[in-house]
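>>> Fold the following for me, if possible:
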Amino acid sequence: LFRYLNEKDVFEKYYKQHLAKRLLSGGKGGSSLALGMEEHEKTIILKLKTECGYQFTSKLESMFNDIRTSQDIMANFTSSSSGGGGSSSGGRGGSATGGIELSVQVLTTGSWPTQQAVQCQVPKELQACCNAFEQFYLKTHSGRKLSWMTNMGHGEVRALFGEGERKHELCVTTIQMCVLMMFNDEGVDEVPYKRMRKELFNDNLGNGESEGELKRCLQSLACVKGKNVLCKSPVGKEVGEDDVFRWNEEFRSGKYRVKIPVISSSTAGAVGGAGGSPSSLRKKIDEDRKPQIEAAIVRVMKSRRVLGHNEVVTEVTKMLSGRFLPSPAMIKQRIESLIEREFLERDAEERRRYKYVS
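Below you'll find the model as predicted:
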């Protein structure tokens, strides 16, 4: 079926996103997918490589390499933080992490479908763990820079409800975990939304995506039936500027481990939905296509020197058909852009004929 797809680059984007999610949520202590699943993923990637070439799968293979490297890094960090004695928990350190079980995946910039977002401020307990790992990593990898992607992380929090009578392990995202730990301070019964926004993001919300992410996290913690470990005042599905949140002592669940997924941005008004944002991904795909189309136009014009508009469209479409079928309108836009940047020029006598500028 893949062989007959006209837009293989669209498939690549979606496959990379879902593969990243499977790799990053594969298990505790830096472990990735189960062995059988990992072999299955590699078989699929090998078939894609055979069909489309090395360039199509190079970033996918790099993602697997990052996971394997991260496992080795975490093993060394665990050994060093526990004084060289090792640890069977796959990430539970000693004094360096304060007894917190830490698992870090070190990802190569450019290989993963990371989302640019304003990062939240983690609690002081977690910040000490992050600082310890960063110092350990930079000792052996000098010259590199670590940027913490808190919007891609997840964690497990042990929580008490009903005056300590009921215990649950909450599986949440890093931002959700930071919200919950604000209720861990003695004497804190309720936390206003404005305080959360200020302490987690310093009111630096970038283009608004971070505030939307925070509101969706709060909706999933307070507005989803069966997952509402927080109570919101006033009651409602939407999170407002003046809302106040408090710990739900009455929370009950038949399961010890409670997974609380963040609701989708496309269904933020209807709590409990799931899914992605196809429109934003489509825009990203269109942006990625522009340099590919321009490169194909330049290659065609460099070899032919002078060519008419229809011939350029035909040659470029044929050259890129292995990945996607560019529309004539998009090709025309990229030709105009190349003319403006003086890679091409129009023929003085025939405006629909182009010349390559060497």
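
>>> quick one: low-confidence ranges for the stretch 251-358 of the chain?
Applying pLDDT under 70 to the predicted model, the residue ranges of the stretch 251-358 of the chain that meet it are 265-278.

>>> List the residues that contact H309.
Residues near H309 by Cβ atoms under 8 Å, 6 or more residues apart in numbering: 332, 335, 352-354. Yep, even glycine has a C-beta here, placed from its N, CA and C like the rest.

>>> do that again at 10 Å, thanks
328, 331-332, 335, 346, 350-354 (Cβ atoms under 10 Å, 6 or more residues apart in numbering).

>>> any idea how far it lies from P328?
To P328, H309 is 9 Å away according to Cβ to Cβ, to the nearest Å.

>>> Please apply the same query to E241.
With distances taken as Cβ to Cβ, E241 is found 48 Å from P328.

>>> So which of these two has more stuff around it?
Just comparing E241 and P328: by other Cβ atoms under 10 Å the higher neighbour count belongs to P328, 14 against 8.

>>> Now do the helices in the stretch 151-300 of the chain.
With DSSP state H, counting those that start in this stretch applied, the stretch 151-300 of the chain shows helices at 174-181, 193-201, 209-222, 278-304, listed in chain order.

>>> For P123, which of these is the nearest?
Across the helices of the stretch 151-300 of the chain, the minimum distance to P123, taken as Cβ to Cβ, is reached by helix 174-181, at 4.7 Å.

>>> just checking, what packs against that closest one?
Using 3 or more Cβ pairs under 10 Å, 6 or more residues apart in numbering; DSSP states H and E, the elements in contact with helix 174-181 are helix 124-140, strand 154-161, strand 166-173, helix 193-201, helix 209-222, strand 230-233.

>>> pLDDT averaged over that helix, what's the number?
Per-residue pLDDT values across helix 174-181 average out to 92.

>>> Pull out the buried residues from stretch 167-174.
Buried residues in stretch 167-174, counted by 16 or more other Cβ atoms under 10 Å: 168, 170-174.

>>> Between those residues, which sits nearest F133?
When the buried residues of stretch 167-174 are ranked by distance to F133 (Cβ to Cβ), T174 comes first, at 14.4 Å.

>>> My read is that the closest one contacts G155, right?
Yes - counting by Cβ atoms under 10 Å, a contact exists between T174 and G155, whose distance comes to 6.0 Å.

>>> Overlap of the contact sets of these two?
With contacts taken as Cβ under 10 Å, 6+ apart, T174 and G155 have 122, 126 as neighbours in common.

>>> quick one on the thing from earlier: tell me which of the helices and strands packed on helix 174-181 lies nearest to E250.
Put simply, out of the helices and strands packed on helix 174-181 the one that sits nearest E250 is strand 154-161, at 7.5 Å, with distance taken as Cβ to Cβ.

>>> Can you list the strands that the closest one pairs with?
Strand 154-161 has its sheet partners listed here by DSSP bridges as strand 166-173 (antiparallel).

>>> How about residues contacting the strand it pairs with?
Counting contacts by Cβ under 10 Å, 6+ apart, the residues outside strand 166-173 that touch it are 25, 150-161, 176-180, 213, 216-217, 220-221, 227, 229, 249-253, 255-262.

>>> can you rerun that using 7 Å?
Surrounding strand 166-173, the residues in contact under the criterion Cβ atoms under 7 Å, 6 or more residues apart in numbering are 153-161, 180, 217, 229, 252-253, 256-260, 262.

>>> Give me the ChimeraX select line for these, limited to the buried ones.
One line in ChimeraX is enough to select the buried ones among those; burial here means 16+ other Cβ under 10 Å:
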select :153,154,155,157,159,161,180,217,229,258,260,262
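
>>> Need the winner for burial among the helices and strands packed on helix 174-181.
helix 209-222 (a mean of 21; mean count of other Cβ atoms under 10 Å).

>>> got the angle for that helix vs helix 193-201?
For helix 209-222 against helix 193-201, the angle between stretch directions is 120 degrees (axes from the mean of the first three to the mean of the last three Cα atoms, to 10 degrees).

>>> Let me know the angle separating helix 209-222 from helix 278-304.
Per the same axes, to 10 degrees, the angle that helix 209-222 makes with helix 278-304 is 140 degrees.
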